[in-house]
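1. could you look at this predicted model? Sequence included:
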Amino acid sequence: GYPLKFEIHEDSGLQLPPQGIAPSACGTGPTTEPGVSIQPDGSSQPCGTCENCTGSNENELTLAAEAATGYVLFSSSKTVIRNANRVGILRNTAVSYKLLSSAYNNEITVNFTFNREFSEGDEVRLHLPGFWGDAYQGVVPTGPGSLYFKALAWDPVESVLTIFANTSCPSQTAISLVVPEALGVRLRVGGLELNDPTLKISVNADFGRVAPISIEKSPVVGSFTGDETRIEYIPSELKTDGTTYVEGRVAAISIGFTLNKRIQMGETVFLVLPGFSRASGDSQVPVADHNVSSLSLNFSTVDTNGVFSSFISGSWTESAERLSLTASKMVPANQRHVVLIKSQAGIRLPTGGLVENDPRLTIGTDAVLGPNTGTPIARSSKLFEVCGAECAAWELECSANCRCGHCAP
């Protein structure tokens, strides 16, 4: 006559069945005979309390007892467990990103398969610790799965992305959804591991809940950490023709960076430098297209990391305004490098001007163990427009000696 409650702790090693736990009939619905609610087949009439209850036992959870005053056996007289939490199962979970960088709002593709039916209002949640960004409203997902899921919510404080079902979705449906970059989600600043176990997915659904579990597949993302990335222009390497400004001229360039992942021999660190070009000597004629596969067009560099010098050659792709530094050997993670591109390489600074720490100047890597599609270089100097640089260098106002740009007639 006494109610008993037992708690079996997780260290017992007991696991739920791989198919999850389906609904259990409560047995309290209306019956034809007083006091009789569960039929011999384990069914009952729905009482109307639990949403979506069919009145049928969809699981085989039963109780038995071995007591001196009376046995309740599994085989001869099943006692159905009348109240059991519904538990669903998620399979084939994966996320991928359009950009392997934490600097920008990102497009995220989400894949999963749920072994229960989704109902309108059910939620799928992505738990993404360290992800950040602003929260924007009114953004809807795309992709095949958007037939069933039409609403999104991003909580940058809790780093939780919620996807809402707008209609019923059959069980075992393979869902693929694209979360647009307009929602404002950005990746973790420190990078991500391959199949990062901290990224989790959960389900809050009428037909079965799923507690947060690690997403099975997700890409690795490298990060330029430690000392800030920087690019500097070195006047001492300029041609000594008396010109005191650097804008629009061939110059030596110094590049500093630290990647938090290992870089293998032959992999590259690359910079996208809008407005830069490569000329022959100090002429205004740019070299057509210096492709990284054309070794004859490469140039030597100086890696000031001493005995750890790893980036001793580089190349320039004119059409992409891209400078690539190739690792000559394995580069350990978190190793600082400052690479000097001598003026003999013919890299010409832009004529259109750059703001200080211009976000258009980016650095990335194709390292397999930590790729990064491009992150703004943290430190870079301001460059004037060419004619503005002349006025600034010579401290001239608009006059006969400065007749271009805003001084033009």
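-> Arrived safely. Everything quoted here is computed from the prediction, not taken from an experiment.
2. quick check: the spatially most distant residue from the centre of the chain vs residue 4, distance?
-> Most distant residue from the mean C-alpha position of the chain: residue 69, 61.6 Å away (C-alpha atoms, centre = their mean). Counting by C-beta to C-beta, to the nearest Å, the gap from residue 69 to residue 4 is 15 Å. The C-beta positions use only the backbone N, C-alpha and C, and glycine is treated the same way.
3. follow-up on the earlier one: distance of the residue farthest from the centre of the chain from residue 163?
-> For residue 69, the distance to residue 163 - C-beta to C-beta - is 53 Å.
4. could you do residue 276 as well?
-> Distance check for residue 276 against residue 163: by C-beta to C-beta, it reads 42 Å.
5. who has more neighbours, the two?
-> residue 163 (25 against 20; other C-beta atoms under 10 Å).
6. test my guess that the more buried one contacts residue 150.
-> No - using C-beta atoms under 8 Å, residue 163 makes no contact with residue 150, being 9.3 Å away.
7. which neighbours do these two share?
-> Taking C-beta atoms under 8 Å, 6 or more residues apart in numbering as the contact rule, residue 163 and residue 150 both touch residue 141.
8. and residue 106, helix, strand or coil?
-> Using DSSP: H, G, I helix; E, B strand; the rest coil, the structure places residue 106 in coil.
9. how about residue 373?
-> Here residue 373 is strand, with the state taken from three-state DSSP.
10. can you pull the pLDDT of it?
-> Residue 373 is assigned 98 on the pLDDT scale.
11. list the contacts of it.
-> By C-beta under 8 Å, 6+ apart, residue 373 lies in contact with 99-101, 364.
12. if I look at it, how far off is residue 153?
-> Residue 373 is 26 Å from residue 153, by C-beta to C-beta.
13. what's the answer for residue 174, then?
-> 23 Å.
14. neighbour-wise, which of these two wins?
-> In terms of neighbours (other C-beta under 10 Å), residue 153 is the more surrounded of residue 174 and residue 153; the figures are 15 against 12.
15. show me the contacts for that one.
-> 135, 161-162, 164.
16. if you rank those residues by neighbours, which is first?
-> residue 161 leads these on contacts (other C-beta under 10 Å) with 23 neighbours.
17. and that residue, its phi and psi?
-> The phi/psi pair for residue 161 (degrees, to the nearest 10) reads phi -110, psi 120.
18. please name the nearest non-neighbouring residue to it.
-> Of all residues beyond its chain neighbours, the one nearest residue 161 is residue 126 (4.2 Å), with distances taken as C-beta to C-beta, 6 or more residues apart in numbering.
19. same check on residue 144?
-> Excluding its sequence neighbours, the residue lying closest to residue 144 (C-beta to C-beta, 6+ apart) is residue 176, at 5.2 Å.
20. beta-bridge partners for that neighbour, please?
-> Beta-bridge pairing for residue 176 (DSSP bridges): residue 111.
21. what of residue 95?
-> residue 110.
22. using the three-state scheme, assign residue 145.
-> Residue 145 - assigned by three-state DSSP - is helix.
23. need the strands for the stretch 51-200 of the chain, in chain order.
-> 62-63, 65-67, 70-72, 79-80, 90-97, 108-114, 123-127, 149-155, 160-165, 174-179, 200-204 (DSSP state E, counting those that start in this stretch).
24. ok, which of the ones you listed comes nearest residue 228?
-> Shortest distance between residue 228 and the strands of the stretch 51-200 of the chain, using C-beta to C-beta, is found for strand 90-97: 23.6 Å.
25. how far does the closest one sit from its chain's centre?
-> Computed by C-alpha atoms, centre = their mean, to the nearest Å, the chain-centroid distance of strand 90-97 equals 13 Å.
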